[in-house]
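Peer 1: Need coordinates for the following:
(one chain, ligands or ions: 1)
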Amino acid sequence: MEKRLIGKVALVTGSSGVIGPAIVRRLAAEGAVVAATDRSLETARAVADEAAASGGEVRAFALDVTDAAQVDSAFAAVEAGLGPVDILVNNAGFVRKSSDPFQLVEEELWSRILDVNLGGVIRCCRRVLGGMIARRYGKIINLGSIAGVSGLPGWADYAASKGGVIAFSKTIAMEAGAHGVTVNCVSPGMIGVESGENRGTWLGRSGTGEDVAGVIAFLASPEADYITGCNYMVDGGRVVGPKNASWNE
Ligand SMILES: NC(=O)c1ccc[n+]([C@@H]2O[C@H](COP(=O)([O-])OP(=O)(O)OC[C@H]3O[C@@H](n4cnc5c(N)ncnc54)[C@H](O)[C@@H]3O)[C@@H](O)[C@H]2O)c1
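Peer 2: Have a look, this model is predicted:
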């Protein structure tokens with residue numbers, strides 16, 4: 001594999017789960033020193049150990065993105081242990097298991113979804129931006145969702161959080177661009193569904209964590225130096241147009 005990220009320090013939030021481990025593995029495989037973070041140090045450690053076993057330099061840190069004090073202390077620990085953060089991947093996310101018409105969703109639940117998915121991105125970006133701007137280098141990649149573009153009936157709060165992430169990212173891209181910092185979104189759709197299941201993509205399959213991680217690694221690399229404020233769909237074409245409409249069944 002091409003090593004486009006040698007000498008860079010990357011921090012990934014929410015690095016266990018479906019997509020996170022693939023991001024950690026890919027950034028490490030491309031030569032970055034990676035801080036794999038998660039709410040629980042144990043789950044972050046499992047991801048770090050697995051990535052390190054295949055040759056990457058990965059360290060685990062506890063980081064709950066809803067806890068402002070812990071965001072600050074975890075970034076400080078990463079900076080002290082690995083060096084300044086060059087690449088930030090805001091991957092932590094939370095979605096309700098069951099769909100519900102929004103009028104039935106309790107305030108505690110929808111506000112938690114906004115707090116993790118949007119508040120977490122805002123907190124981590126805010127923590128890292130000053131240093132990136134001072135060093136005139138930074139790549140921020142935020143996980144949006146096709147829900148944040150198209151909407152998703154039954155998950156209005158989740159869709160709102162991801163739409164917020166996309167709008168926030170575009171704005172920070174405008175603010176930080178002149179200081180050498182790029183900010184982009186990657187918006188997955190239908191990742192990690194049972195293998196073989198298609199569910200409306202145009203490529204005849206659902207996506208994998210590796211499909212998402214490859215685009216993130218590209219955006220973190222010098223090849224994407226002139227790209228900022230973009231939102232890359234990684235969804236097998238799901239939002240391109242209707243699948244299974246009568247004219248294409
Ligand atoms: N899987 C998909 O099809 C899909 C589609 C669109 C968008 N996404 C987005 O991609 C990202 C990763 O998705 P996934 O499928 O791997 O999700 P997942 O639920 O499998 O994993 C989410 C990760 O976030 C972590 N997390 C949750 N709350 C946290 C908190 N308060 N602080 C820190 N970490 C926290 C979890 O521990 C876990 O490691 C998310 O932002 C998600 O919204 C995924």
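
Peer 1: Would you confirm that S99 contacts D157?
Peer 2: No - here S99 does not reach D157: they are 11.2 Å apart, not a contact under C-beta atoms under 8 Å. Every C-beta, even on glycine, is put in place using the N, C-alpha and C of the backbone.

Peer 1: Check what pLDDT the residue positioned nearest the centre of the chain gets.
Peer 2: Nearest to the mean C-alpha position of the chain, counting by C-alpha atoms, centre = their mean, stands N91 at 2.8 Å. We have a pLDDT of 99 for N91.

Peer 1: same thing with E194?
Peer 2: pLDDT, the model's per-residue confidence, is 69 for E194.

Peer 1: re earlier: who has more neighbours out of S99 and D157?
Peer 2: D157 (21 against 13; other C-beta atoms under 10 Å).

Peer 1: could you point out which element follows the helix or strand the more buried one falls within?
Peer 2: D157 belongs to helix 156-176 when elements are defined using DSSP states H and E. Sequence-wise, the next helix or strand downstream of helix 156-176 (DSSP H and E) is strand 181-188.

Peer 1: Which neighbours in the sheet does that next one have, and how are they oriented?
Peer 2: strand 138-143 (parallel), strand 231-234 (parallel) (DSSP bridges).

Peer 1: For the nearest residue in space to D64 that is not next to it in sequence, give its distance to E175.
Peer 2: In space, D64 comes closest to R39 once its chain neighbours are excluded; the distance is 4.7 Å by C-beta to C-beta, 6 or more residues apart in numbering. From R39 over to E175 the distance is 29 Å, taken as C-beta to C-beta, to the nearest Å.

Peer 1: Compute the number of surrounding residues for L27.
Peer 2: When neighbours are counted by other C-beta under 10 Å, L27 comes out with 31.

Peer 1: that older thread, identify the residues contacting the helix holding D157?
Peer 2: 90, 95-96, 102, 105, 109-110, 113-114, 116-118, 121-122, 125, 129, 132-133, 138, 140, 142-145, 147-149, 151-152, 182-185, 187, 228-229, 231 (C-beta atoms under 8 Å, 6 or more residues apart in numbering).

Peer 1: cutoff 6 Å now
Peer 2: 95, 102, 110, 113-114, 117-118, 121, 142, 144-145, 147-148, 151-152, 183, 185, 228-229, 231 (C-beta atoms under 6 Å, 6 or more residues apart in numbering).

Peer 1: Between strand 138-143 and it, find me the angle.
Peer 2: Angle, helix 156-176 to strand 138-143, by axes from the mean of the first three to the mean of the last three C-alpha atoms, to 10 degrees: 160 degrees.

Peer 1: in helix 156-176, what's buried?
Peer 2: Buried residues in helix 156-176, counted by 16 or more other C-beta atoms under 10 Å: 156-166, 168-170, 172-173, 176.

Peer 1: any residue of that helix up close to the ligand?
Peer 2: No - Helix 156-176 is not in contact with the ligand by C-beta under 6 Å from any ligand atom; minimum separation 6.7 Å.

Peer 1: Could you check how far that helix is from the centre of its chain?
Peer 2: Here the centre of helix 156-176 is set off from its chain's centre by 12 Å, with C-alpha atoms, centre = their mean, to the nearest Å.

Peer 1: Just the CA trace of it, in PDB.
Peer 2: Output in PDB follows, covering the C-alpha atoms of helix 156-176 (Å, rounded to 0.1, in the frame of the first residue of the first chain):
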ATOM      1  CA  ALA A 156     -35.300  12.900  12.000                       C
ATOM      2  CA  ASP A 157     -33.000  13.800  14.900                       C
ATOM      3  CA  TYR A 158     -30.100  11.700  13.400                       C
ATOM      4  CA  ALA A 159     -30.700  13.400  10.000                       C
ATOM      5  CA  ALA A 160     -30.700  16.800  11.600                       C
ATOM      6  CA  SER A 161     -27.400  16.000  13.400                       C
ATOM      7  CA  LYS A 162     -25.700  14.900  10.200                       C
ATOM      8  CA  GLY A 163     -27.100  17.800   8.200                       C
ATOM      9  CA  GLY A 164     -25.600  20.000  10.900                       C
ATOM     10  CA  VAL A 165     -22.200  18.300  10.600                       C
ATOM     11  CA  ILE A 166     -22.200  18.900   6.800                       C
ATOM     12  CA  ALA A 167     -23.100  22.600   7.200                       C
ATOM     13  CA  PHE A 168     -20.600  23.100  10.100                       C
ATOM     14  CA  SER A 169     -17.800  21.500   8.100                       C
ATOM     15  CA  LYS A 170     -18.400  23.700   5.000                       C
ATOM     16  CA  THR A 171     -18.300  26.800   7.200                       C
ATOM     17  CA  ILE A 172     -15.100  25.800   9.100                       C
ATOM     18  CA  ALA A 173     -13.600  25.000   5.700                       C
ATOM     19  CA  MET A 174     -14.300  28.600   4.700                       C
ATOM     20  CA  GLU A 175     -12.900  30.000   8.000                       C
ATOM     21  CA  ALA A 176      -9.700  27.800   8.200                       C
END
